[in-house]
Structure formats: structure tokens, C-alpha cells
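Undergrad: quick check, what structure comes out for this input:
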Amino acid sequence: MKKVMEILAEKMTEGFEKAGYDAKYGFVSVSNRPDLCQYQCNGAMAAAKEYKKAPIVIAEEVVAGLAGEALFEKIEAVKPGFINITVSGDLLAAQAEEMLKEERFGVKAVEKPKTIVIDYGGANVAKPLHVGHLRSAIIGESVKRICRFMGNKVIGDVHLGDWGLQIGLIITEVKKRQPELPYFDEAFTGEYPSEPPFTIGDLEEIYPYASGYSKEHEDYLAEAQQATAKLQEGHRGYRALWQHILEVSIEDLKKNYDNLNVEFDLWKKESDAQPYIPDMVEKMKQDGYAYISEGALVVDVTEEGDKKELPPCLIVKSNGATLYATTDLATIVEREKLFQPDQIIYLADKRQSMHFTQVFRTAKKTGIARAEMELDFIGFGTMNGKDGKPFKTRDGGVLRLQALREQINEEVYKKITENRDYSEEEAKEISEKVGLAALKYGDLSNQASKDYIFDIERFASFEGNTGPYILYTIVRIKSLFNKYRENGGVLSPKAALLPPVSESETAVYLTLSKLADAMESAYADLAPHRICQYIYELSEALNHFYHGTKILAEEDEARKASYLKLIGLVQSVLEQCIELLGFAAPDKM
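TA: As a prediction, this is how the structure comes out:
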């Protein structure tokens, strides 16, 4: 279906041509003065120079030729040459009817669907998820859903960190605590135990202890480095222990991600890219891209037009060790082999911008990534506490994600039980859904690159631009339909949407008509906050309409049916949008 702006632009183009002017001046935009009109055309201002006429004269000629058009409730030329447009209620009602019939409410799928890999999550095995992992998971999940909604084939990959010194530290500490285990017996040739010798709770205590101890004991660190090297060389016992670490960690990570309504299509790991590294590095050397600098293997990434020289991409250190850049490049090799993606999108802290610039340029320069492959980095800002510093626990530690979820659920639970009489079980179930909305919307409503203050009380509020307010709007509509049905009401499928009769109803129709623009903008810029902006505007419009209109008390049955059909469309649109943001609405609040 055509958007309102497209319909208006076509008609304005006709108007300019009919008046003897170039069609290119018939462009239309949303009015920056909504108190005066809904849309505006400034083409006469632009045409004045070419045609050496006063812009108001051109505007008046165009408007005169469009007089009586059914699209317009009002169209007028205003000095110095603006054309102000208010569309007819019939057009708005017809657009809403089309939205109800169309797949995706009339939002057009992309003309050329792409295969997109989204690399997000950023978790490491053997470590609990903490607030630092929140933004990657939440933003990445929403970007994945938006890209998929627009008609692309999208693959979400958690890309776990599982191959560095952290594993060597764990192996070293487990050996210290349980030296009798067969994994450390070089003479052992049997089957290793199927059950891991530790729980996730053990690992979450072992790693930080080993990490801290290694910083104060050089011999311990050296042992951990040796264990890491042995693991990567294929030591049979260490490989078996590593598999246990993976199994225990991934099972726990899946539970935590499930609680965030975050789902990955792939559980790939850094280790999966290792087999591709030797051939990749050798080819870089043979093709003349990689060279030795101060004992390390590097690739230059500075390009013509750069204001300053960029540091080269470090591929192999002087001691022979590979780095994150090496693994990331090898992962592109693996993804090309498995999926031939048209685009790869990475989510990480914006402070990693230089790393991704180096990786992307190296990938393109060396041919690892095809010239037409898009490589995009979404760098996000920090989630801070009220003191403006990165969010911490009260004693200054890093807050676990599960603890954060519990805090916000408790805040929502308090609000729910203060105002409603629910059973304990029901209140907890509602608070979990609303708490997740508060958490996700509180994050996603901010532009990804910006730092923001995480304020639990504000994010959990049922008023203002918050997740609970959006959910409350949906629940309000559900409640109204329940009341309608309880009183014997049945909405006929033949009910028609009628032109609006009030300003607040017109605002609902107008906001609904902007859905496609909001979705296209969110997709083009990989920006979930655009959807948040849209659903807040739609919720505000709906609530003003709801408060100012006696919907169920309306005596005109056709008008009542139109009201119900309209708010039903609002509910469907809001539910679709929050699904793209990664949360859902309860039936009551």
C-alpha cells in the first residue's frame, strides 16, 4: 500500500505540472507546525529562483489547480510561499482499512532481501552475565527482529569467548583444587567422566579467584598460560575439561538469555574460528598485505582521505599469539563459507570502534570480505547509575544481570500490589512481564551510541515515556474489549472505519499512518529507538482519544464499531512493535 506522504506527493507533483512547473517541486513533508496543518509542500520556495516568480504566486497557482480534490480537507498557500495541507478524514480511514488488510500493516518488505549475520551478546564462558552484557543483548535482539520483519534472512550469533587465558586460569585452579581428576593424569587413556567436576556456581567463584591470584603470582600466571597453550595444541584432558566448561556455561547462559527474551540462532565460539587462522594468515603474507613490524605480523589500514594515520591491524604478536582481530577476521572467513552473508552487523561497546575499523578495513583490503559485503558496527554507550558512573552494586562490584532483573521486578511488583488486589502468583507473573518491558524499553528508547542513566524508579513508572506505560495502553484496550464482550457486544467483521470526528481521533489515524516511515527509518539506521518514539506517540494519541471519547456509550452503532475497530488496530500495531523490541504485554496490570 502507498503511504499518505506518497499519495500526497503524487498529487502535488500533478499540481505543479498542471500549473506549468517542474514535477520535482511537488515534494511533501510532515508539517513542522502541526498547529497549522498536518503536511506541507515547500516546492514553491525552491521553484521561485528557477522561474523568477514570487514563491507565493507559484504556490497560489498550484493550490488553485488542486481545489476540490477529495484528498484534502484543506489546502492553502501561505506567505512567503508554503503550501499547507490537511488531509481528508476519508483518506485517513481508507489508509487504516488498508493497514488492517495488509501483511505487516502495509509496511513494505525490502525489494532485495539480504542474508544478514548479527554478532551480539558478547558473553564469555565461565563468567556470569552482568550489566555490561545488557545493551549488546537487548539492542542486538531488537535489530535482529527488525531486520527479519523487513523481509531479510537473519542469523543471530552469540559468538562466545571461550579460547583465551580465562580457560587456562580455570584449568590451573581446578588442577590445584582437585589434582586427582583424570584430566590431569598424562597416563590416562580411558573415557573421561560425562559429568562435569564443577557447577556454574563453582566456575563463577573459580575464575575471579584464579584471575586475581594470577595477578599477584607470576608462577601461577605462567602455569595458566602454559595450560592455555596446551589446550589450544589439543591436550586430550584439557580439551575434555574445556568441553565441560562449555556445557555448564552455555546451559546457564541460555537460561539467563531466555529470561531476557533473547534468542540466538547460533551458539558459535571463538574456538570455531581457529581452524581458519593458519590459511588466512598465510594468504595475507603471500598476497603481500601482511608484513613484519617490530616482530609482529601486521596489515596497514590507513586509507586515502583519513585525517590521521590509523594504527595497523595486529594479526600475530611477536610471541606467535593471535588476537581478537585475528579471531574476528577468521570468523568472517567461517561466516562466508557457511552463509555467504550480504551483511554482518556487530554490537559492542562504542570504545571498540577502532578495533572494528581495523578489522573491517583488513577484511576488505585482503579480500576476506567481498567488496559488496556490508560490515556494520553498532557501538553502544554505557548504562550508568544516578551518579553518572557505570552501574554498580552498592558495594561497588559489577551487578549481575539476574540481580538487575530482580531489582526492577521488585519495583514493578510494589507498584502493582499498591494499586491492585492480585494473588501472589498473578502479581509476580505480571511484574516479570512489566519488569522486562521496563528494562528493555528503558534501554532501547535511548539512541544506542549515547550513555544513559539507568533509573529503576523512572523506568518502572506507569506514566511517561516508559515500557510500563506502553503496556498499560495495550492492557487498557484489552480491558475495554473485555467489557464490550461481557455486555454482549460482538464486533461485526463488516464494520467499517469511519472518518474521524474529533481532533483526538484524527491524531490516532495520523499516527497510525506513520508506521511504515517509523519502521523503514528504524531498519535503515539499525535504530530501535525510532520504534520506541513511534509507539510512545501512538500510545499518547490513543490515551487522549480514550479519555475524550465515550467509546462504549456511543449510541450510533456504526460509529461505536468504527471506534472499536480503530483501537483494535492500535492494539495490533503496538503489540507488533513491542515484539520487535523484545517484550510482550500481560492481559492485565
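
Undergrad: so what's the nearest residue to residue 328 once chain neighbours are set aside up against?
TA: In space, and not counting its chain neighbours, residue 328 is closest to residue 359: 4.9 Å by C-beta to C-beta, 6 or more residues apart in numbering. (C-beta placed from N, C-alpha, C; glycine too.) Residues near residue 359 by C-beta atoms under 8 Å, 6 or more residues apart in numbering: 313, 325, 328-329.

Undergrad: helix or strand right after the strand or helix carrying residue 359?
TA: In this structure, residue 359 sits in helix 353-366 according to DSSP states H and E. Using DSSP H and E, the helix or strand that follows helix 353-366 in sequence is strand 374-380.

Undergrad: show residues contacting that following strand.
TA: Under the contact criterion C-beta under 8 Å, 6+ apart, strand 374-380 has outside partners 135-136, 139-140, 143, 342-353, 356-357, 360, 363-364, 369, 448-449, 526.

Undergrad: show me what whichever helix or strand comes after that strand is packed up against.
TA: For strand 374-380, the succeeding helix or strand toward the C-terminus, using DSSP H and E, is strand 383-384. The contact analysis (3 or more C-beta pairs under 8 Å, 6 or more residues apart in numbering; DSSP states H and E) places strand 383-384 against strand 452-453.

Undergrad: strands paired with the strand it packs on, and their directions?
TA: Note on strand 452-453: by DSSP bridges, its sheet partners are strand 383-384 (parallel).

Undergrad: roughly how far is the strand it pairs with from the heart of the chain?
TA: Using C-alpha atoms, centre = their mean, to the nearest Å, the mean C-alpha position of strand 383-384 is found 17 Å from that of the whole chain.

Undergrad: and for stretch 105-116?
TA: Relative to the chain's own centre, stretch 105-116 is displaced by 17 Å; criterion: C-alpha atoms, centre = their mean.

Undergrad: now swap in stretch 137-147 and tell me
TA: 3 Å.

Undergrad: what lies in contact with it?
TA: For stretch 137-147, contacts defined as C-beta under 8 Å, 6+ apart pick out 116, 118-122, 129, 154, 156, 257, 260-263, 345, 347, 378, 380, 439-440, 443-444, 448, 519, 522-523, 526, 528, 531, 579-582.

Undergrad: which members of those occur in helices, if any?
TA: 257, 439-440, 443-444, 519, 522-523, 531, 579-581 (DSSP state H).

Undergrad: need the max-distance pair from the residues you listed.
TA: 257 and 519 (25.3 Å; C-beta to C-beta).

Undergrad: which of these two has more neighbours?
TA: Set residue 257 next to residue 519 and count neighbours by other C-beta atoms under 10 Å: residue 519 wins out with 24 against 20.

Undergrad: now do the contacts for residue 348.
TA: 122, 136, 356, 377-380.

Undergrad: quick one: mean pLDDT for the helix or strand harbouring residue 11?
TA: Applying DSSP H and E as the criterion places residue 11 in helix 4-18. Averaging pLDDT along helix 4-18 yields 97.

Undergrad: packing partners for the very next helix or strand once past it?
TA: Next along the chain after helix 4-18, taking DSSP H and E as the criterion, comes strand 29-30. Applying 3+ C-beta pairs under 8 Å, 6+ apart, one finds that strand 29-30 contacts strand 39-41.

Undergrad: what mean pLDDT does the strand it packs on have?
TA: Regarding strand 39-41, the rounded mean pLDDT is 97.

Undergrad: next structured bit after it?
TA: helix 43-51.

Undergrad: might you calculate how far that following helix sits from the centre of the chain?
TA: 41 Å.

Undergrad: who are the packing partners of the helix or strand following that helix?
TA: Where DSSP H and E defines the elements, the next helix or strand beyond helix 43-51 is helix 55-65. Here helix 55-65 touches helix 4-18, helix 43-51, strand 72-78, strand 82-87, going by 3+ C-beta pairs under 8 Å, 6+ apart.

Undergrad: next, the buried residues of the second one.
TA: Looking back up the chat, that one is helix 43-51. 43-48 (16 or more other C-beta atoms under 10 Å).

Undergrad: how many residues are close by the closest residue to residue 363 other than its chain neighbours?
TA: Leaving out its chain neighbours, the residue that sits closest to residue 363 by C-beta to C-beta, 6+ apart is residue 369, at 3.9 Å. By other C-beta under 10 Å, the residues close to residue 369 number 23.

Undergrad: what does residue 369 show for phi and psi?
TA: Note on residue 369: backbone dihedrals following degrees, to the nearest 10 are phi -110, psi 130.

Undergrad: quick one, what contacts it?
TA: 332, 336, 344, 360, 363, 375.

Undergrad: now do residue 19
TA: 58, 61-62, 64-65.

Undergrad: can you tell me which of these is nearest residue 505?
TA: Out of the contacts of residue 19, the member with the shortest distance to residue 505 (by C-beta to C-beta) is residue 62, at 29.7 Å.

Undergrad: correct me if wrong: the closest one contacts residue 15.
TA: Yes: in this structure, residue 62 is within contact of residue 15 by C-beta atoms under 8 Å, at 4.5 Å.

Undergrad: neighbour count: these two, which is higher?
TA: Between residue 62 and residue 15, residue 62 has the larger neighbour count (other C-beta under 10 Å), namely 28 against 24.

Undergrad: dihedrals phi and psi, the residue of the chain positioned farthest from its centre?
TA: Here the chain reaches farthest from its C-alpha mean at residue 187, the gap being 50.9 Å by C-alpha atoms, centre = their mean. Here is the backbone geometry of residue 187 (degrees, to the nearest 10): phi -90, psi -10.

Undergrad: fine by me, thanks again.
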